[in-house]
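>>> build me a model:
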Amino acid sequence: MSLVKKPAKTEKQLAANRRNQKLCHGPATDERRERMRAALLRSGYNAQAEEIAMRALGEDPAHFQELLEELWEEWNPAGALQEGVVIALGRAMWLMNRAARMQEGYAVRQAQEVNSGRQDRLHAKMMRLTMTAESLGRLVQSVAHERYVTTPADLEKMKNLHQDGVVEEMAEIALALFCQLQAPGTGEDGLDAYEKARRMVAQAKEIFGIGMSAPFAPPSNVAPASSRPREGQQDAGATQESQQDADAVEQEEDKRYPNITAAEWEARERPRHLLENILKRQVEICEARRKAVLRETLRGPSPYERAADIAPTHPNARVMRRMQDSNLREVRRLTNLLLRIKRYQRQTKGLEETAGFHDVPEIKGVSV
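Residues are numbered from 1 along each chain as shown. The predicted structure is shown next:
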């Protein structure tokens with residue numbers, strides 16, 4: 001409820017409002033429609049070229065005709081000037097709506113393009129996470145050995161994961177721990193002197209053909225059939241073999257890295273455990289992200305994601321927006337012009353009625 005009391009209208013003001021309402025909202029008659037068609041023909045907006053252009057743009061000329069009829073009923077133009085302004089107003093409103101359709105049409109096209117590549121993009125993301133989880137899982141298996149020493153293959157694999165940016169900030173810590181767990185005397189390339197010499201000898205043998213086995217020769221590490229253990233004997237000695245393998249690995253590590261003492265092996269256990277836990281956690285994170293991407297694939301894009309996908313990033317977006325704003329300003333300008341014409345028409349008619357009222361002669365002694 002308003003706190004300001006509105007002044008009551010006089011009978012003269014109410015009569016003027018009724019007259020103006022009849023002028024502005026007159027009934028639609030055949031005569032009015034014929035007058036509108038004639039005005040359209042004079043202005044050239046109902047020409048065949050206009051209809052062809054609208055149909056080429058996917059628009060219905062009948063809708064434009066309905067818009068003009070509604071504007072004609074609303075403003076009830078009197079005279080060629082008002083008729084031309086009303087037609088120009090309808091044209092400006094039609095162009096403003098066309099600019100809006102242009103933006104929406106481009107957004108629809110952009111959304112269709114995004115939808116066509118969305119499934120492939122999410123599938124590629126899932127495959128990448130799966131491959132990363134497998135690589136981290138293999139590193140976990142390597143680091144899980146008690147006397148683990150960083151190998152060049154593991155170091156190279158960790159460097160690749162770090163460069164890809166999949167493991168994010170934890171890759172720096174994991175890479176530092178891998179470098180810390182290298183063998184003493186290892187260079188920047190991750191190879192120690194023994195490994196470098198071994199590779200050089202292997203390359204020399206390969207170049208000169210020294211010490212290579214004959215073609216189609218059976219592998220030397222395969223035992224003959226008579227010496228292979230039977231299935232019953234395999235299960236019985238599984239525990240004993242695993243223990244023997246562990247002892248053999250420990251002896252091999254002692255022989256391979258004689259510079260590492262028992263105290264140093266013990267000191268290396270803490271960073272090894274830390275590295276193992278970090279890698280396991282990264283495997284879990286990759287698996288959780290893969291499941292989230294799978295749920296996103298099944299669920300489909302949300303309204304916010306769709307709005308981000310169709311954000312106007314193309315160079316013509318600003319031009320289309322300016323077209324819509326320009327047409328809106330044209331509608332406002334023409335509307336203000338019609339209001340001023342109507343106001344001037346009412347004022348002129350009121351002055352004429354007042355002048356005619358004062359010119360009435362006295363009748364039977366009654367003065368006006």
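>>> below-threshold pLDDT in this structure: ranges please.
For the chain, the stretches with pLDDT under 70 are 1-7, 9, 17-30, 32-33, 41, 43-47, 166-168, 185-255, 355-368.
>>> ranges for the strands of the stretch 251-368 of the chain?
Assigned strands in the stretch 251-368 of the chain: none (criterion: DSSP state E, counting those that start in this stretch).
>>> check which helices and strands the lengthiest helix in the chain sits against.
Longest helix in the chain by number of residues (criterion: DSSP state H): helix 80-143. Applying 3 or more C-beta pairs under 8 Å, 6 or more residues apart in numbering; DSSP states H and E, we find helix 80-143 packed against helix 30-43, helix 61-75, helix 152-164, helix 269-299, helix 303-309, helix 317-358. To be clear about C-beta, it is placed using only N, CA and C from the backbone, and glycine gets the same treatment.
>>> what residues of the third one count as buried?
In this case it means helix 152-164. 154-155, 157-158, 161-162 (16 or more other C-beta atoms under 10 Å).
>>> returning to that earlier point: export the helices and strands packed on helix 80-143 to CSV and append columns for distance to residue 94.
Listed next are those as CSV, based on distance: least, C-beta to C-beta, whole Å:
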stretch, distance to residue 94
helix 30-43, 13
helix 61-75, 6
helix 152-164, 53
helix 269-299, 40
helix 303-309, 27
helix 317-358, 9
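>>> and of the ones you listed, who's closest to residue 119?
helix 269-299 (6.8 Å; C-beta to C-beta).
>>> now the angle from the closest one to helix 152-164?
Interaxial angle, helix 269-299 versus helix 152-164 (axes from the mean of the first three to the mean of the last three C-alpha atoms, to 10 degrees): 50 degrees.
>>> who does helix 269-299 touch, helix- and strand-wise?
Other helices and strands packing on helix 269-299, by 3+ C-beta pairs under 8 Å, 6+ apart, are helix 80-143, helix 170-180.
>>> residue 51 versus residue 65, what's the distance?
10 Å (C-beta to C-beta, to the nearest Å).
>>> distance to residue 256 for the buried residues of helix 152-164 - can I get that in a markdown table?
Converted to a markdown table, these look like this (distance: C-beta to C-beta, whole Å):
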| residue | distance to residue 256 |
| --- | --- |
| 154 | 16 |
| 155 | 17 |
| 157 | 21 |
| 158 | 21 |
| 161 | 26 |
| 162 | 27 |
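>>> show me which of the residues you listed is closest to residue 265.
Nearest to residue 265 among the buried residues of helix 152-164, with distances taken as C-beta to C-beta, is residue 154, at 18.1 Å.
>>> residue 294 against residue 127, yeah?
No: with contact defined as C-beta atoms under 8 Å, residue 294 does not count as touching residue 127 (11.5 Å).
>>> returning to that earlier point: the buried residues of helix 152-164: which two are farthest apart?
The widest separation within the buried residues of helix 152-164 (C-beta to C-beta) is 12.6 Å, between 154 and 162.
>>> shared neighbours of those two, anything?
Counting by C-beta atoms under 8 Å, 6 or more residues apart in numbering, no residue touches both residue 154 and residue 162.
>>> that older thread, now for the helices and strands packed on helix 269-299, which one comes closest to residue 298?
Nearest of these to residue 298, taken as C-beta to C-beta: helix 80-143 at 10.0 Å.
>>> how near is residue 263 to residue 147?
From residue 263 over to residue 147 the distance is 13 Å, taken as C-beta to C-beta.
>>> let me know how buried residue 11 is, in neighbour terms.
7 (other C-beta atoms under 10 Å).
>>> with residue 16 instead?
By the criterion of other C-beta under 10 Å, residue 16 has 16 neighbours.
>>> in a helix, it, correct?
Yes: checked against DSSP: H, G, I helix; E, B strand; the rest coil, residue 16 lies within a helix.
>>> is it true that it touches residue 347?
No: with contact defined as C-beta under 8 Å, residue 16 and residue 347 do not form a contacting pair (10.7 Å).
>>> for residue 95, see how far away residue 75 is.
19 Å.
>>> over to residue 264?
Here the criterion is C-beta to C-beta. By it, residue 264 lies 82 Å from residue 95.
>>> okay, those two: which has more neighbours?
Between residue 264 and residue 95, counted using other C-beta under 10 Å, residue 95 has the larger neighbour count: 17 against 11.
>>> got the contact list for that one?
Counting by C-beta under 8 Å, 6+ apart, residue 95 has contacts 323, 327, 330.
>>> switch to 10 Å and redo it
323-324, 326-328, 330-331 (C-beta atoms under 10 Å, 6 or more residues apart in numbering).
>>> ok, back up a step: the helices and strands packed on helix 269-299: which one's closest to residue 352?
Each of these has some distance to residue 352 by C-beta to C-beta; the shortest is helix 80-143, at 18.3 Å.
>>> now the angle from the closest one to helix 61-75?
Going by the same axes, to 10 degrees, helix 80-143 is angled at 120 degrees with respect to helix 61-75.
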